[in-house]
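Enquirer: Pasting the sequence and the predicted model now:
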Amino acid sequence: MKSTTARNNYLLVRDNGTVHYWFSKFLTDKFTNPHTRELTAQSCRVLHRFLSSANIELALRATEGFCLTYDETKALIALCWRPLPEIEAMSDRKVTLLTSPHSGKNAPRTA
């Protein structure tokens, strides 16, 4: 996703050229400081990448009365430590592999 402005609107544009309406509306309505908008947009981009790789549809989950499970929340937090260009360049499989519960268990430990 890329960010851009059009008149007074802050827009997040998907890779296929369509505007992500909900994130764009949220950023335009809630934030006036450009630096805060950009930081929040980066967070939205990480969230979008996580949701798309895990095939999570928040609208459907909202009808069931929840958003993310505890394990999904922990995985999303762990993903946030990586640089944004790296996250956006990863394949869905790589993101899923990095955020799986078993991803850190077999890693070599340094003393």
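Expert: That came through fine. Numbering: from 1, shown residues only.
Enquirer: quick check: longest helix of this structure.
Expert: helix 34-53 (DSSP state H).
Enquirer: isn't Leu12 right up against Arg45?
Expert: Yes. If you go by C-beta atoms under 8 Å, Leu12 and Arg45 touch, sitting 7.2 Å apart. Using the backbone N, CA and C atoms, a C-beta is placed for each residue, glycine as well.
Enquirer: what sits in contact with each of those two?
Expert: Listed contacts common to Leu12 and Arg45 are Met1; contacts here mean C-beta atoms under 8 Å, 6 or more residues apart in numbering.
Enquirer: ok, for the residue most central in space within the chain, nearest residue in space, not its chain neighbours?
Expert: Central residue of the chain (C-alpha atoms, centre = their mean): Leu47, 1.7 Å from the mean position. Of all residues not flanking Leu47 in the chain, Leu76 sits nearest, at 7.1 Å (C-beta to C-beta, 6 or more residues apart in numbering).
Enquirer: other SSEs contacting the host helix or strand of Thr5?
Expert: With secondary structure defined by DSSP states H and E, Thr5 is part of strand 2-6. Helices and strands touching strand 2-6, by 3 or more C-beta pairs under 8 Å, 6 or more residues apart in numbering; DSSP states H and E, are strand 9-13.
Enquirer: on that earlier part again, so what touches the strand holding Thr5?
Expert: Residues from elsewhere that reach strand 2-6, judged by C-beta under 8 Å, 6+ apart: 10-13, 38, 41.
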